[in-house]
Each structure stands twice: as C-alpha cells, then as structure tokens.
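Visitor: After the sequence you'll find the predicted model.
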Amino acid sequence: MTITTKIAIIEDESHIRALLEQTLEDLEGDFEVLTAANGADGLQLIQREQPQVVFLDIMMPRLNGYDVCAAVRTDPALAHTVIVMLTAKGQDADRVRGLEVGADYFVTKPFDPDEVLDLARQIIAKELQ
C-alpha cells in the first residue's frame with residue numbers, strides 16, 4: 001500500500017495558487033495537492049483532509065492565515081501538520097507573529113519556485129520520515 005503525502009495550498013490569489021501547484025508537481029513520490037481560496041475553506045480542508053504540509057497565505061478573506069494557523073495548532077489531530085506561511089509582508093513583526101501562532105516556516109512573496117520546491121523537499125525529508 002502506498003502512502004500518499006497530502007499538501008494543501010491555502011491562497012486567495014489564483015495565479016499564486018496555480019504557481020504553487022505547478023511547482024509542487026515536481027516533487028517525487030506519491031503526492032496529492034489540495035487547494036482552497038480563502039481561510040475559512042482552507043481550515044475546513046485541513047480539518048477534513050489532514051494534510052502533512054500546508055502552504056498558507058496570511059492575507060486572505062473570511063479568515064486570515066494567522067487565525068487558520070492558530071486553529072490548526074489547537075487541534076490535537078493536526079499536531080504534526082507542517083505549516084509554511086506565505087505572505088507579501090516581509091516585515092519582522094509579521095514573521096514573529098507567524099511563528100508565535102505556530103508556523104514552522106515562513107516564505108515571503110514574491111518567492112522563487114525553485115526555493116519553494118527545495119523547502120518542500122526538505123520538509124518531506126526532515127519532518128515526514
């Protein structure tokens with residue numbers, strides 16, 4: 001039986017969501033990429049599908065990434081979910097707040113797809129083995 005690694009992309013901008021999906025297609029192994037276009041739908045997706053890795057935008061409608069991250073961190077069933085926060089905000093305060101609510105990694109937009117792919121590979125090798 002093959003174990004599928006689930007990766008969720010929670011991002012309200014469709015072109016960034018598509019870029020992330022395309023970038024993650026280069027991962028080797030059995031992966032399923034799930035997407036949501038706002039924070040509320042994203043939180044429901046995470047709770048339902050329990051992905052191992054979540055790429056989570058901060059500035060989104062209906063529920064921001066900080067709130068989604070905090071909600072995931074209060075759910076024992078999701079304790080091992082790796083959260084990568086994505087934001088156009090590069091200020092230290094945003095990074096600190098993201099880490100305070102439980103983000104594991106922080107990526108500032110615009111990002112280099114190769115760097116995102118490398119980070120995803122590192123997470124899978126380090127966190128999911």
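Guide: Looks like it arrived, so ask away. Numbering: from 1, shown residues only.
Visitor: L27 is in contact with L119, isn't it?
Guide: No. Between L27 and L119 there is no contact under C-beta atoms under 8 Å: 11.1 Å. Heads up, the C-betas are built off the backbone N, CA and C, glycines and all.
Visitor: give me phi/psi at T35?
Guide: phi -140, psi 150 (degrees, to the nearest 10).
Visitor: and it, what is it in contact with?
Guide: A8, I9, I10, E11, R17, E21, L45 (C-beta atoms under 8 Å, 6 or more residues apart in numbering).
Visitor: Mind checking which of the residues you listed land in strands?
Guide: A8, I9, I10 (DSSP state E).
Visitor: Which of the residues you listed sits closest to A70?
Guide: I10 (13.7 Å; C-beta to C-beta).
Visitor: The closest one pairs with what?
Guide: Going by DSSP bridges, I10 is paired in beta bridges with A36, L56.
Visitor: Number of residues surrounding it?
Guide: I10 sits with 31 neighbouring residues when counted by other C-beta atoms under 10 Å.
Visitor: Least confident secondary structure element in this structure?
Guide: Least confident helix or strand, the chain: helix 92-100 with a mean of 86, by mean pLDDT, DSSP states H and E.
Visitor: List of residues touching that helix?
Guide: I58, G65, Y66, C69, M85, T87, F106.
Visitor: could you redo the last one with a cut-off of 10 Å?
Guide: The list of residues contacting helix 92-100 from outside it, by C-beta atoms under 10 Å, 6 or more residues apart in numbering, reads 56, 58-59, 65-66, 69-70, 83-89, 91, 103-106, 108.
Visitor: what are the ranges of the strands in the chain?
Guide: Under DSSP E, the chain gives strands at 5-10, 31-36, 53-57, 82-87, 105-108.
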